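Undergrad: build the 3D model from these lines:
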Amino acid sequence: MAGTVTVLKTSPVRLGDQVDESTVYFHRLFWIFPPCIEAFWHCKPLVSIDGTHLYGKYGGTLLLAIAQDGNSNILPIAFALVEGENAESCSFFLSNLRLHVTLQEGILVFSDMHNGIKAALEAHENDWLRPHAFRVFCIRHVAANFSLSFKCKDARRMLVNAAYAKTEVEFYYWFDIMWTENLAMCDWANRMEYDKWTQHEDSGRQFRHMTTNISECVNSVLKGTCNLQVTSLVKTTYGRLAELFVVRGQTAETQLGSRHEFCQALIKAIDQNIRDSRCFTITLYDRHQSEYTVAETTPTGNFSLDVQRAQVRVCFAYPRRPMAPYAGPTIIPNPNMRRAREGRPNVTRILGSMDQFVVIHPKRCGLCR
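TA: Numbering: from 1, shown residues only. Predicted coordinates:
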C-alpha cells in the first residue's frame, strides 16, 4: 500500500573475521499503514502499549500500539517485531511511533511497569516527556505487583478501590483504611506519583481507562498469528486491518447518511442521562448565584411528553461547588432534652378553629366490612 511506513533494522553476518555483505540478520521491524495514521487523528488522545510473545520457530516479541475511538472501537495503529522487551527495543518502537503516528501534544501512554518502557519514555530523544506526553500505569499490573509484597486478603481490593476513586475524599478514605491495616502499604503506594495510577489525579486524560485491556483484546485476536513467519505476520495484520476498516467505514457511512451528528456511544450516553435525569428533583435557592439542591428519587413509572415543535440551545455549564466538609467538633444530642418517659409521647397540641376535624370511623372486623 502506498504510504506504508516500514523501518527495518538488521545486523551483519560474520564468516570468521569477514563480514558477509550479501546477507544480514533480521533484527527489528516497525510498520504502520496509512489508514491507521489518518484514523488516529479521530481517536482519543491515548495509546496503549503492550507486547505478546512469538510462538514460532524463532523467538521474539510483537509490540503493539492500540488506540480507541469515540464508539469504544479498538484500533491497532502500529506494530513492531523485536528481540524482546528491553530498553533498546522499546526505544526503537516508541521513537518511530512518535515520529510517524502520535504527532499530537499531550498524548497519554498506557503501559505496564516494565523497566524497558520506562527507560524509553524517559529518553529525551524520543520526545515522550512532559508536557508533550504523559504516562500512566495499568492498574492490573500495579495490583499484581502489590499482591506480591502484601498477602493480606483485602490488600489488593483496597489499592484498586483507591485507584478508581473519582474524588480526593474517596481516595483518602481507602488510603486511610490501608494505613490502618498496614502502614507499609501506603509507603509502597507512595513510591509512585499519584497521577500515574489514580483516577482523581489524571486531569481527565485517561477517559476512564485504568488498564491495558484494549491491548489484551488485540493480543487474543493475534494469538493465532504469533507462530507465523515475519512476512506472513505482516500480511495477516494488513488483511485484518483492511477488513476492519471496511466494516467500520460502512457503519460510518450509514450514520452519516442518517444525519447523525454524534457517535453512537455519545448518543447512548445522552439518552441514558435523559432517562436518569427524570429521577432527580431540583430545588432553586438563589437564581443569581446558581445555587441548587439536587435530590435523587426512585422512578415510579414511565412518562412521555408530546411536543410538536421544540428548540434546543446550548446553555452554560455552571461550576459545581459541593458543600465543604465539616471541620468542627462532633455534635451530639443534649441529654437534658431527653424525655423522661419512654414510648410514644402524648399529643399536647390544642386544636384550634383552623384545624379540620377528621371523622374517625370505629374499627370493624373483616365480616362487618
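
Undergrad: quick one: mean pLDDT over stretch 77-84.
TA: When the per-residue pLDDT values of stretch 77-84 are averaged, the result is 91.

Undergrad: report the buried residues of that stretch.
TA: Neighbour-count burial for stretch 77-84, counted by 16 or more other CB atoms under 10 Å, picks out 77-82. Yep, even glycine has a C-beta here, placed from its N, CA and C like the rest.

Undergrad: can I get that stretch as PDB, trimmed to CA atoms?
TA: C-alpha atoms of stretch 77-84 as PDB (Å, rounded to 0.1, in the frame of the first residue of the first chain):
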ATOM      1  CA  ILE A  77      -2.100   1.700  14.900                       C
ATOM      2  CA  ALA A  78       1.500   0.400  14.900                       C
ATOM      3  CA  PHE A  79       3.400  -2.900  15.100                       C
ATOM      4  CA  ALA A  80       7.000  -3.900  15.700                       C
ATOM      5  CA  LEU A  81       8.900  -7.200  15.800                       C
ATOM      6  CA  VAL A  82      11.800  -7.000  18.200                       C
ATOM      7  CA  GLU A  83      14.000  -9.400  20.100                       C
ATOM      8  CA  GLY A  84      12.300  -8.800  23.400                       C
END
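
Undergrad: which strand in this protein runs the most residues?
TA: The single longest strand within the chain, with elements called by DSSP state E, is strand 18-32.

Undergrad: quick one: name whatever helix or strand follows that strand.
TA: helix 34-40 (DSSP states H and E).

Undergrad: what is that following helix packed up against?
TA: For helix 34-40, the contact count by 3 or more CB pairs under 8 Å, 6 or more residues apart in numbering; DSSP states H and E identifies strand 74-82, helix 230-257 as packing neighbours.

Undergrad: average pLDDT across it?
TA: On average, the pLDDT along helix 34-40 is 92.

Undergrad: and that helix, what's buried?
TA: In helix 34-40, counting by 16+ other CB under 10 Å, buried: 35-37, 39-40.

Undergrad: what about the helix or strand harbouring Tyr173, distance to the chain center?
TA: Tyr173 is part of helix 168-181, with elements assigned from DSSP H and E. What separates the centre of helix 168-181 from the centre of its chain is 21 Å, taken as CA atoms, centre = their mean, to the nearest Å.

Undergrad: what is the helix or strand following it packed up against?
TA: The C-terminal neighbour of helix 168-181 among helices and strands, as given by DSSP H and E, is helix 183-189. Packed against helix 183-189 by the contact rule (3+ CB pairs under 8 Å, 6+ apart) you find helix 139-149, helix 155-164, helix 168-181.

Undergrad: make JSON lines out of those helices and add mean pLDDT.
TA: Converted to JSON lines, the helices and strands packed on helix 183-189 look like this (pLDDT from 0 to 100):
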{"stretch": "helix 139-149", "mean pLDDT": "89"}
{"stretch": "helix 155-164", "mean pLDDT": "92"}
{"stretch": "helix 168-181", "mean pLDDT": "92"}
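
Undergrad: so which of these is nearest Asp69?
TA: The closest of the helices and strands packed on helix 183-189 to Asp69 is helix 139-149. By CB to CB, the value is 22.5 Å.

Undergrad: for the closest one, buried residues please.
TA: Of the residues in helix 139-149, those buried by neighbour count under the rule 16+ other CB under 10 Å are 139, 141-143, 146.

Undergrad: re earlier: partner strands of the longest strand of the chain, with direction?
TA: strand 5-15 (antiparallel), strand 74-82 (antiparallel) (DSSP bridges).

Undergrad: returning to what we had before: ok, which pair from the buried residues of helix 34-40 is furthest apart?
TA: Checked with CB to CB, the buried residues of helix 34-40 reach their widest spread between Pro35 and Phe40, with 9.7 Å between them.

Undergrad: what's the most buried one of the strands paired with strand 18-32?
TA: Scoring those by mean neighbour count under mean count of other CB atoms under 10 Å gives strand 74-82 as the most buried, with a mean of 22.

Undergrad: next SSE after it?
TA: The first helix or strand that comes after strand 74-82 along the chain, using DSSP H and E, is helix 87-100.

Undergrad: run through who's touching that following helix.
TA: Applying CB atoms under 8 Å, 6 or more residues apart in numbering, the external contacts of helix 87-100 come out as 5, 7, 9, 28, 30, 32, 37, 47, 49, 61, 63, 65, 78, 80, 82-83, 114-117, 119-121, 123, 125-128, 133.

Undergrad: domain assignment for this structure?
TA: The chain breaks down into these domains under automatic domain parsing: 1-138+211-293, 150-201.

Undergrad: now do the same end-to-end measure for the shortest one.
TA: Spelled out, that is domain 150-201. 25 Å (CA to CA, to the nearest Å).

Undergrad: repeat that for stretch 8-26.
TA: Across its full length, stretch 8-26 reaches 8 Å end to end, with CA to CA as the criterion.

Undergrad: again with stretch 202-209
TA: By CA to CA, the extent of stretch 202-209 from end to end equals 10 Å.

Undergrad: buried ones in stretch 86-98?
TA: Quick answer for stretch 86-98 (16+ other CB under 10 Å): 86-87, 89-98.

Undergrad: ok, and the closest non-adjacent residue to Gln264?
TA: Taking CB to CB, 6 or more residues apart in numbering as the measure, Gln264 lies nearest to Asn71, with 5.4 Å between them; neighbours along the chain are not counted.

Undergrad: OK, contacts around the one you found?
TA: When contacts are counted by CB under 8 Å, 6+ apart, Asn71 touches 263-265.

Undergrad: can you list the residues you listed in TSV and add distance to Ser203?
TA: Converted to TSV, the contacts of Asn71 look like this (distance: CB to CB, whole Å):
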residue	distance to Ser203
Cys263	23
Gln264	27
Ala265	22
